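K.L.:
here is a sequence with its predicted model. Questions after.
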Amino acid sequence: GNDGMRKELEGAGVEHHPLNLKSIKSVVRNSIAVRKLIKRCHPDIIHTHQFASNFYGSVGAIGLHVPVVSHIHNPDMPQPFSRKVIRFFINLWLTDVFITTIEEKTQSLKLIPGFRKKVFVLHNAIDPKNFLLPARFDRKKYQANLSIPRGNFVIGSVGRFSWEKGYNLLLEVFKQVLVKIPNAFLVLVGDGPNMAKLKKMADDLDVSDRTIFTGYRKDTAVFMSLFDIFVVSSKMESFSLASLEAMYLSIPVIITDRLSSKDILSRAAMVVPCSIEGLEKGIISLFQNEKLRKEMSAKGKKMIRSEFTIDTYIIKLEKIYNALLSKKL
C-alpha cells in the first residue's frame, strides 16, 4: 500500500504484510507468502478486496478450509482476456461469498452457478469520528493559510489522482467556470500517478494561481470544511466514499452520471452529465442558488447519519459473516 496507509496501520497497531504487485515474477512468491500467513494466523474468514487480493487470498487458502469473501468495489473496468478467465474460475471454484457496493453488479454475479444466495450488497460508509473538526476551528484562518481571500467561492474534490477520477476534466471545467465566477478557487486534496500531469495542465490552462493541490492529507475533514461545493468528476466509479464524507460535513455535492451509485446518491446530490458542459452547468447553478445549496446540505447530512455510518455497516457485515460461518450460505 502507499506510505500514508502503512504509517496509519502501524500507528493503530495493525499487523500488515505488503506484497510486491509490480512484477509478474512475484506471483509465485506472493502466493507462497500468503499461504504461509494463512497457516500461521488460522483466520475464520478471509475477506479480500479487488482482483489482486482476491487472487492471492483465494489461491493461498486452497485446501485450508477457510471461507473466502470477495469484496468488489469498482465497476467492470477494461481488462485483459487472461484476467477475465482467471477471475471467472476463481469466482466459480474458490470464492464462497461476494459483496458488492452497488445493486447492479449483483446481477452478473448471480449468474454464476450456485451463487444466487451468496451475493450481498453492502454500501460504503463513513466513521463520523474521523470528521470531527479541531476545537475552536476557524474556517477563515484555514482559508487564509491556503492564500484564499475571504469571500471567495471554493470548489473542492478529494480522491486519487488517476485517470478514472476525471480531474483533467474538472480542470477544464474550472477554466470555464472562472469566466462566470471570477472569485472561484479549486482545491484538490489527494495524491496519485497523475499529480505531475495535472499540475502541468493547470499551468497550461492558466488556472494554477486559482488551483491548490494539497497532496495526501490525513486531516481531509479540515480541508473539506473549506469547500462551498464538492465535485465528483469521475469517468468511472462505483460508490464514491468521498461524496459521503462531503455530505456528512454538510457540503452540497455534484456527481457525474458515470457513478454506478448515482441513483442512491441522487437523493441528496446533483447528478450531471460527465462533460465540460454538464459539470459547468451544475457548478454555476449551485453557485447562483444559495437556497438549493442549503437544502442539499441538510438532506445529505440526514441521509448519511441514518444510512451510511460505520455502525450500520458493521451490523450488516457481521450478519454476512455469521451466516457464512454457520453454513447457512
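P.N.:
Perfect, thanks for sending it.
K.L.:
buried residues, the longest helix anywhere in the chain. List them.
P.N.:
Longest helix in the chain, counting residues (DSSP state H): helix 290-307. Burial within helix 290-307, assessed by neighbour count using 16 or more other C-beta atoms under 10 Å, is assigned to 293, 296-297, 299-301, 303-304. For glycine as for every other residue, the C-beta is placed from the backbone atoms N, C-alpha and C.
K.L.:
then stretch 92-112?
P.N.:
Of all the residues in stretch 92-112, those buried under the rule 16+ other C-beta under 10 Å are 94-102, 105-106, 109.
K.L.:
same deal with stretch 43-57?
P.N.:
Burial within stretch 43-57, assessed by neighbour count using 16+ other C-beta under 10 Å, is assigned to 46-48, 51, 53-57.
K.L.:
just give me the least confident of those.
P.N.:
Note: of these, the lowest pLDDT belongs to residue 51, at 78.
K.L.:
just checking, residue 193 is part of a helix?
P.N.:
No: counting by DSSP: H, G, I helix; E, B strand; the rest coil, residue 193 falls outside a helix, being coil.
K.L.:
burial of it, as a residue count?
P.N.:
Counted with other C-beta atoms under 10 Å, the neighbours of residue 193 add up to 10.
K.L.:
and for residue 164?
P.N.:
15.
K.L.:
distance between the longest helix of the chain and the chain's centre?
P.N.:
Taking the mean of its C-alpha atoms, helix 290-307 sits 20 Å from the chain's own mean (C-alpha atoms, centre = their mean, to the nearest Å).
K.L.:
could you do stretch 90-105 as well?
P.N.:
Centroid separation for stretch 90-105 versus its chain: 19 Å, with C-alpha atoms, centre = their mean.
K.L.:
distance check, residue 169 against residue 106.
P.N.:
Distance of residue 169 to residue 106, given as C-beta to C-beta, to the nearest Å: 29 Å.
K.L.:
which residue ranges form the helices in this structure?
P.N.:
Counting by DSSP H, the helices of the chain are 3-11, 26-41, 50-60, 81-89, 104-109, 139-145, 167-180, 195-204, 220-224, 241-248, 262-265, 276-288, 290-307, 310-325.
K.L.:
deepest of these, which one?
P.N.:
Comparing the helices of the chain on average neighbours per residue, with mean count of other C-beta atoms under 10 Å, the densest one is helix 241-248 at a mean of 25.
K.L.:
quick check: which ranges of the stretch 201-329 of the chain have low pLDDT?
P.N.:
Nowhere does the stretch 201-329 of the chain drop to pLDDT under 70.
K.L.:
my read is that residue 181 contacts residue 287, right?
P.N.:
Yes: taking contacts as C-beta atoms under 8 Å, residue 181 lies within contact range of residue 287: 5.5 Å.
K.L.:
which residues do those two both contact?
P.N.:
residue 153 (C-beta atoms under 8 Å, 6 or more residues apart in numbering).
K.L.:
show me what the longest helix of the chain packs onto, helices and strands only.
P.N.:
helix 241-248, helix 276-288 (3 or more C-beta pairs under 8 Å, 6 or more residues apart in numbering; DSSP states H and E).
K.L.:
quick one: those as JSON lines, columns for distance to residue 128 too.
P.N.:
Shown next, in JSON lines, are the helices and strands packed on helix 290-307 (distance: least, C-beta to C-beta, whole Å):
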{"stretch": "helix 241-248", "distance to residue 128": "7"}
{"stretch": "helix 276-288", "distance to residue 128": "25"}
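K.L.:
nearest to residue 258, out of these?
P.N.:
Closest to residue 258 of the helices and strands packed on helix 290-307, according to C-beta to C-beta: helix 276-288, at 10.5 Å.
K.L.:
tell me which other helices or strands that closest one touches.
P.N.:
Judged by 3+ C-beta pairs under 8 Å, 6+ apart, helix 276-288 is in contact with helix 167-180, strand 229-232, strand 253-256, strand 270-272, helix 290-307.
K.L.:
of those, which approaches residue 9 most closely?
P.N.:
Across the helices and strands packed on helix 276-288, closest to residue 9 is helix 290-307 (C-beta to C-beta), at 25.5 Å.
K.L.:
that'll do, ta.
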